[in-house]
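J.: following is a predicted model, sequence given first.
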Amino acid sequence: MRAPRALSRFAHRRLALAGVVVVAGCTILVVSRPGAAGAPAPAALMRRSVVSASARGARPGKPGFQIAMGVGPHTAASTAPSPTPPAAEPTARAPRTEIITYQVQPGDNLYLIAQRFELSQDTIVWANSGLEANPDLLSIGQEITILPVDGVVHTVAAGETLAGIAARYQVDAAAITAHGPNKLTDPSALQVDQELLVPGGVRPAPPRPAAASAVAGSAAAPVATISNGVLAIPAGAPAVPVAAPAQPGRFVWPAQGIITQYYGTWHGALDIAKSPQGSPILAADAGTITFAGWSGGLGNAIQIDHGDGFATTYAHLYSIGVQVGQTVAKGEQIGLMGTTGHSTGPHLHFIVTYQGGIVNPLDYLP
């Protein structure tokens with residue numbers, strides 16, 4: 001992949017004025033967003049009708065970063081301040097206090113939705129139980145619940161107290177009573193099945209699978225399982241804790257485009273998008289094709305075993321140009337970018353596993 005050209009001091013200043021920040025190895029375009037908007041607060045906690053990306057409380061346009069990926073020398077960060085103060089914000093409106101239902105739009109992902117509503121990704125997932133199993137597999141038109149603030153919604157069970165609920169979600173009870181729509185005029189009189197929004201609440205973490213014990217001479221855990229013709233990638237990030245060796249620059253970039261979602265707690269992959277579909281997908285390293293075909297929500301997918309515990313997976317492809325058992329060279333074209341399976345737009349869902357555990361692809365790319 002061609003390295004980005006170095007920028008002059010003048011270019012750095014022009015980029016800074018335009019909202020572009022230059023960091024080591026890539027250029028990040030920060031897409032500007034207007035101030036928060038919302039309707040006056042209702043008197044009670046309620047769920048509103050389905051809204052689109054431009055409705056109240058949302059952002060018109062997709063926030064995020066455009067990345068110019070390259071393998072050239074690092075470029076120093078620009079810190080040039082803007083000579084003019086930012087424009088005055090529009091007249092502030094009351095913050096949103098109601099729960100709304102959002103309909104997933106083309107190009108959406110968990111990161112962008114969280115940014116659009118100024119919430120954490122945790123809050124989005126906690127409010128939508130279906131996303132926790134696989135938050136990456138969003139579909140256009142899918143409806144998800146959006147809270148007005150970071151936190152969780154709790155349904156009161158028999159025998160629960162406000163103090164116990166607050167302790168469970170690691171907040172002060174006053175934070176729950178202070179949220180007007182909860183209507184807690186008498187905190188001691190909680191009702192069974194009453195819904196409470198817990199601002200700032202943190203849901204208890206579910207138990208995670210333990211790492212397999214390392215036994216000398218034992219075979220490495222499989223990087224994926226193939227059952228009934230479907231490639232199963234371990235869910236989570238990582239699914240199995242592993243001590244993967246540090247090998248920066250070991251792989252080549254498998255595609256060109258913009259990074260629309262990074263590896264993180266709810267996303268065990270790197271998403272690289274480019275429209276329209278059909279951009280070349282390259283093998284990140286030499287290896288043997290262990291899977292090539294349809295894989296449910298991953299759509300058309302390819303997996304390459306690199307022979308030393310590492311494997312890479314390429315999902316949502318438009319077409320596949322290799323077959324199982326074939327050996328490929330580093331940088332060889334193996335398919336075309338697409339939007340098959342559960343996907344909201346053309347992109348590559350790039351997964352790196354080491355001995356069964358998902359690792360951060362950026363730790364192994366130039």
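T.: Everything's here; your move.

J.: how about the helices in the stretch 201-350 of the chain?
T.: Along the stretch 201-350 of the chain, no segments are classed as helices by DSSP state H, counting those that start in this stretch.

J.: you'd agree Q277 is up against P346?
T.: Yes - judged on CB atoms under 8 Å, Q277 makes contact with P346 at a distance of 3.8 Å. (C-beta placed from N, C-alpha, C; glycine too.)

J.: where do the contact lists of the two overlap?
T.: In terms of CB atoms under 8 Å, 6 or more residues apart in numbering, Q277 and P346 are both contacted by the residues 318, 337-339.

J.: so which of those are in strands?
T.: Those of the shared contacts of Q277 and P346 mapping onto strands are 318, 337, per DSSP state E.

J.: and of the shared contacts of Q277 and P346, the nearest to Q121?
T.: T339 (21.8 Å; CB to CB).

J.: if I look at the closest one, how far off is D271?
T.: 12 Å (CB to CB, to the nearest Å).

J.: what do the two both touch?
T.: H347.

J.: more neighbours: which of these two?
T.: Legend: neighbour count by other CB atoms under 10 Å for T339 and D271, higher for D271 (24 against 21).

J.: wouldn't H154 be in contact with I165 here?
T.: Yes - between H154 and I165 there is a contact under CB under 8 Å: 5.7 Å.

J.: overlap in contacts, these two.
T.: Taking CB under 8 Å, 6+ apart as the contact rule, H154 and I165 both touch 196, 198.

J.: re earlier: Q277 and P346 - which one has more neighbours?
T.: P346 (23 against 19).

J.: low-confidence stretches in the stretch 151-300 of the chain?
T.: 206-242 (pLDDT under 70).

J.: just the strands in the stretch 251-366 of the chain please.
T.: 258-261, 270-273, 280-282, 287-294, 300-305, 310-320, 327-328, 333-337, 347-354, 357-359 (DSSP state E, counting those that start in this stretch).

J.: a markdown table for those, including distance to F251?
T.: Formatted as a markdown table, the strands of the stretch 251-366 of the chain follow (distance: least, CB to CB, whole Å):
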| stretch | distance to F251 |
| --- | --- |
| strand 258-261 | 15 |
| strand 270-273 | 11 |
| strand 280-282 | 10 |
| strand 287-294 | 11 |
| strand 300-305 | 10 |
| strand 310-320 | 7 |
| strand 327-328 | 13 |
| strand 333-337 | 13 |
| strand 347-354 | 8 |
| strand 357-359 | 11 |
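
J.: winner for burial among those strands?
T.: Scoring those by mean neighbour count under mean count of other CB atoms under 10 Å gives strand 347-354 as the most buried, with a mean of 26.

J.: just checking, G107 touches T339?
T.: No - contact criterion CB under 8 Å: G107 and T339 do not qualify, at 9.9 Å.

J.: so what sits against both of the two?
T.: G345.

J.: what's opposite T312 in the beta bridge?
T.: I304, V352 (DSSP bridges).

J.: for I144, find the nearest of the strands of the stretch 251-366 of the chain.
T.: Of those, nearest to I144 by CB to CB is strand 258-261, at 15.7 Å.

J.: and that closest one, which strands flank it?
T.: With DSSP bridges as the test, strand 258-261 is paired with strand 270-273 (antiparallel).

J.: quick one: contacts of the strand it pairs with?
T.: With contact meaning CB under 8 Å, 6+ apart, strand 270-273 is reached by 107, 109, 253-263, 345-350, 360-362.

J.: what do you get if the cut-off is 7 Å, keeping everything else the same?
T.: Contacts to strand 270-273, defined as CB atoms under 7 Å, 6 or more residues apart in numbering, come from residues 109, 255, 257-263, 345-350, 361-362.

J.: kindly report the same for stretch 328-339.
T.: Contacts for stretch 328-339 (CB under 7 Å, 6+ apart): 252, 255, 274, 277-283, 285-287, 289, 299-300, 302, 304, 314, 316-322, 345-348.

J.: one more time with 8 Å
T.: Residues contacting stretch 328-339 (CB under 8 Å, 6+ apart): 252, 255, 257, 274, 277-289, 299-300, 302, 304, 314, 316-322, 345-348.

J.: can you give me the pLDDT of A127?
T.: Model confidence at A127, given as pLDDT, is 93.

J.: which strand residues bridge the closest residue to it other than its chain neighbours?
T.: Nearest residue to A127, sequence neighbours excluded (CB to CB, 6 or more residues apart in numbering): T145, at 4.4 Å. Note on T145: beta-bridge partners T101, judged by DSSP bridges.

J.: contacts only, for T145.
T.: By CB under 8 Å, 6+ apart, the neighbours of T145 are 47, 99-102, 127-128.
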